[in-house]
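Asker: following is a predicted model, sequence given first.
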Amino acid sequence: MGAPRLCAPAAALGLLLCTVLGRADPTEGGSRPALGPPSGVAPERQCPAPCRCLGDLLDCSHQQLARLPEPLPSWVARLDLSHNRLSFIKASSMSHLHSLREVKLNNNELETIPNLGPVSANIILLSLAGNKIVEILPEHLRQFQSLETLDLSGNNISELKTALPPLQLKYLYINSNRVTSMEPGYFDNLANTLLVLKLNRNRITALPPKMFKLPQLQHLELNRNKIKNVDGLTFQGLGALKSLKMQRNGVTKLMDGAFWGLSNMEILQLDHNNLTEITKGWLYGLLMLQELHLSQNAINRISPDAWEFCQKLSELDLTFNHLSRLDDSSFLGLSLLNTLHIGNNKVSYIADCAFRGLSSLKTLDLKNNEISWTIEDMNGAFSGLDKLRRLDLSDNAIMSLQGNAFAQMKKLQQLHLNTSSLLCDCQLKWLPQWVAENNFQSFINASCAHPQLLKGRSIFAVSPDGFVCDDFPKPQITVQPETQSAIKGSNLSFICSAASSSDSPMTFAWKKDNELLHDAEMENYAHLRAQGGEVMEYTTILRLRNVEFASEGKYQCVISNHFGSSYSVKAKLTVNMLPSFTKTPMDLTIRAGAMARLECAALGHPAPQIAWQKDGGTDFPAARERRMHVMPEDDVFFIVDVKIEDIGVYSCTAQNSAGSISANATLTVLETPSFLRPLLDRTVTKGETAVLQCIAGGSPPPRLNWTKDDSPLVVTERHFFAAGNQLLIIVDSDVSDAGKYTCEMSNTLGTERGHVRLSVIPTPTCDSPQMTASSLDDDGWATVGIVIIAVVCCVVGTSLVWVVIIYHTRRRNEDCSITNTDETNLPADIPSYLSSQGTLADRQDGYVSSESGSHHQFVTSSGGGFFLPQHDSNGTCHIDNSSEADVEAVTDPFLCPFLGPSGPVYLKGSVYGSDPFEACHSGCGPDPRTALMDHYEPSLVKKKECCPCPHPAEESCEQRVSDTGWPAHQRKVLSSSHSQHEGPGMNGSCLNKSPADFSPSPEAASVTLSNSFMGKFIK
């Protein structure tokens, strides 16, 4: 055998000794030990042939070995047996290699994972790539307890079925196998250690859910498989993943949330697939993504807000796709983007604000696109790129450049541009100078195509004086299209004209929103300009028929020849349509306390605004109480906890610039009947008027019915109903009227009942001893007066106004002077059958219309009394049933107090007060001889004190009336009440004189009676 090679470094003497003495006898197989080095030199390590040794590495690779060389030196820590023909490893051959840590057996003929014996527990790296292993058996790997790196690439493994045993693996490579399926949980036992997993170049077609539960994994590679679809949550469980590579799979669909859970991933490579669109759905959750590689796909659209969930992106590669347009804000949200590659697409349209938001962009690659028109006519396509340093516009057929095309890029350091189609006229004179000032010459290769004198020359070889405009072969716009508005369905036209001194064929085109209209209806004309010699003028007309909302936009004409193109201003078209309802509010009937829901929606162009009104105004009780909710997106108007005050007509108005329409709906609130006031028992004196009230509430207004003692109420001429049966009035009450009265109110929602007990007290005798005047000394006239009063008491006992006037005894010589009047005023509210002549006319019952015509007075005479519930302008009391306040006021039917001919004047107080009357005195002391029953408080019988006053002879009744404390307008009425019934020739003495002073004539007596028992009704 050949002489062994000494690999350990030694001194020069040691090398010499190896050369001379270190040869082994061929017959001994090199087993004779070499001579050791001189004293002071480290002993040499044996290196078996044909291997090479370097440090602790024994390299036996590429030796075509069919078996292991023996013996293997015990000092070996790294053993390389790759690229041989080993098909079996004998464990005993390695049992003494206690320092062994790495074994490379790749590219051999092994069919199973070899058993390396006891040393397997120390191995940290095992490479078995390029063998013939068909299956990974857990029992074969269980012996490698310290294994950190396992390479099984290039074998014949077809399934990953049985879970791997618990190991300390950090790096696992199963590339270039025949794996077609993987069982969930296969890698679960490596969850705490595995950092890198590579499954490239297999035949995987799908990734099962919950396949990867590897919270420590940082890098996952699935390149060159056959994965077509990636479902949502596929990579859940890889919270620490930093990079994911899925290149060349043919992926066509990424479902929403496909990468959810990869919140720490920084690099995503999806090159060479079949993706067609970028949406925020499949980018959801990539909060830390910094690099996204989408080259060599079929992407033709970037959806709005696509980058919402990956705003830390710094590099985006979209080269070699099918993008034809970059819309407004296509990259909005990528404020940290540093590099953007959009080269080798078909971009022909760049919106004015397409790059808005790219405030950190430094490199923009737009080479090999179709953006010549965009660059020539741009009005801010590069706006927002304040930090851009490198712009590549190579391989775009640019014919001209505007002077401010790159003005916004203040920090531009490289501009890559190559074109041979430039029109070198006076409008391009700025370009060579600007390029030289910014040192861009090395990046630009531009030459002229016109004029003929400069054709083919570099723009840097043309002097500034060479850029002239002797003619204008390039078209120049002379008539610009105008902005228009149209009604949907109508026809319109845009007109554009240009002039040119060249006879070069002219082409016409129209663009809408910067996109070429391929099927536009155009009419083109050419004619010689009247004042221009050889100048030709061209006109193009764009006709739009039956315009729709989709026709809206900005229209621009482009007139071109081979010298260049001219671009008109952009004329805006607006299409309007009157709103029309798609949902109209419907009439709604609902119970109180429920929720009312009204719908209203309309279509129109522009989209109409929806507004609500209630009863023609914006005063919503529900809004003040925060019970109203409007849902613009759902077209719904809500009122929660509906109340009676919400009843009304609700109007929905839809309005846009074309006009407005409205629709109405009536909201009706249903409420069960209820008592607004508690029912109170009543006590009246026989002959008085009893008023029983039943103030009802509810919606619809309840129907009221009265019963007595649980039996139907027998209605007589003494029973009257007012305020919609809420008041039961019984005049001239009798003992038989006493009992339990039931008020039953009902509507469609239910019935409510309440009870009132009426008590009737017998009338005290009219000739009581207290009625006698002790001061009358057997005066006959006093007796006659008392008899007359008793008769009157019997007559008016059943009337609506019960007044008992007791004449007070006055001194015989006391007279009241009063001014005689020649005319007697009869108030309008005194019926004709109570005339000033004192004749008591026949009783009349019925309704008398008031002057307004909107109210009625019920007039009845019961013993000469009158029930006048209402008060008109002439002083008559009215009852207005239109409001609850009026119902409350009419609870006492006698709102107009009596004014007696002498004594106190009683004023009506609060209807429900404890003392509803006040006595107005003239400073006189009480005289308990006269009693007056209170007609105004049915529950009480009060004794009123009359105050007879001595007055001087010169004191007039009119003056005494003024002293009672009445208001001026009432004092006037009161004073007139004493004079309006006096006929001519009367002496004007006060009617409240002593009975001895009364005239014995019947006429005088009649006048006295007429004024005394009726008095005046004052409101």
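Answerer: That came through, no problem. Residues are numbered from 1 along each chain as shown.
Asker: helix or strand next in line after the strand or helix carrying C496, which one?
Answerer: In this structure, C496 sits in strand 492-500 according to DSSP states H and E. Next along the chain after strand 492-500, taking DSSP H and E as the criterion, comes strand 507-512.
Asker: partners of that next one in the sheet?
Answerer: Strand pairing for strand 507-512, determined by DSSP bridges: strand 515-516 (antiparallel), strand 553-561 (antiparallel).
Asker: I'd assumed F638 was in contact with A596.
Answerer: Yes. A596 is in contact with F638 according to C-beta atoms under 8 Å; the separation is 7.0 Å. Backbone N, C-alpha and C define where each C-beta goes, glycine included.
Asker: ok, these two, which is more surrounded?
Answerer: Ranked by neighbour count (other C-beta atoms under 10 Å), A596 and F638 place A596 first, with 22 against 15.
Asker: what's the closest non-adjacent residue to that one?
Answerer: Nearest non-adjacent residue to A596, counting by C-beta to C-beta, 6 or more residues apart in numbering: I639, 4.2 Å away.
Asker: tell me how many other residues surround the one you found.
Answerer: I639: 26 neighbours (other C-beta under 10 Å).
Asker: report the separation between it and M595.
Answerer: Counting by C-beta to C-beta, to the nearest Å, the gap between I639 and M595 amounts to 7 Å.
Asker: contact partners for I278?
Answerer: Taking C-beta atoms under 8 Å, 6 or more residues apart in numbering, we find I278 in contact with 294, 299, 301-303, 306.
Asker: was I right to think L275 contacts G250?
Answerer: No. Taking contacts as C-beta under 8 Å, L275 lies outside contact range of G250: 10.1 Å.
Asker: who's more crowded, the two?
Answerer: Neighbour tally, L275 and G250, criterion other C-beta under 10 Å: the higher count belongs to L275, 19 against 12.
Asker: given the longest strand seen in the chain, what are its sheet partners and their directions?
Answerer: Ranked by residue count under DSSP state E, the longest strand found in the chain is strand 659-675. Next to strand 659-675 in the sheet, as set by DSSP bridges, lie strand 588-591 (parallel), strand 648-656 (antiparallel), strand 696-699 (antiparallel).
Asker: helix or strand right after it?
Answerer: Once the chain leaves strand 659-675, the next helix or strand it forms, by DSSP H and E, is strand 682-685.
Asker: so in terms of bridging, what pairs with E159?
Answerer: When bridges are called by DSSP bridges, E159 pairs up with S181.
Asker: and it, how far from I174?
Answerer: Separation of E159 from I174 (C-beta to C-beta): 11 Å.
Asker: out of the two, which sits in the busier spot?
Answerer: Just comparing E159 and I174: by other C-beta under 10 Å the higher neighbour count belongs to I174, 23 against 16.
Asker: and the strand holding C496, what other elements does it pack with?
Answerer: Using 3 or more C-beta pairs under 8 Å, 6 or more residues apart in numbering; DSSP states H and E, the elements in contact with strand 492-500 are strand 476-479, strand 484-487, strand 536-544, strand 553-561.
Asker: just the buried residues of the first one, please?
Answerer: Meaning strand 476-479. Buried residues in strand 476-479, counting neighbours by 16 or more other C-beta atoms under 10 Å, are found at I477.
Asker: other residues contacting that strand?
Answerer: Here strand 476-479 makes contact (C-beta under 8 Å, 6+ apart) with 495-500, 537, 539, 557, 559, 566-568.
Asker: next, the distance between the ends of stretch 682-699.
Answerer: End-to-end span of stretch 682-699 (C-alpha to C-alpha, to the nearest Å): 28 Å.
Asker: the closest residue to G281 other than its chain neighbours - how many residues pack around it?
Answerer: Closest residue to G281 apart from its sequence neighbours, by C-beta to C-beta, 6+ apart: D256 at 3.5 Å. Neighbours of D256 under the rule other C-beta under 10 Å: 14.
Asker: my guess is D256 meets G285, correct?
Answerer: No. Using C-beta under 8 Å, D256 is not in contact with G285; the gap is 10.1 Å.
Asker: deepest of the strands paired with strand 659-675, which one?
Answerer: Of all the strands paired with strand 659-675, strand 696-699 has the most neighbours on average by mean count of other C-beta atoms under 10 Å, namely a mean of 21.
Asker: contacts for that strand?
Answerer: Taking C-beta under 8 Å, 6+ apart as the rule, strand 696-699 contacts 592, 644, 647, 668-676, 702, 704, 724, 726, 743, 745, 747, 749, 752.
Asker: run through who's touching the very next helix or strand once past that strand.
Answerer: Heading C-terminal from strand 696-699, the first helix or strand you meet, by DSSP H and E, is strand 703-708. Contacting residues not belonging to strand 703-708 are listed as 692, 694, 696, 713-714, 721, 724-726, 728, 739-747 [C-beta under 8 Å, 6+ apart].
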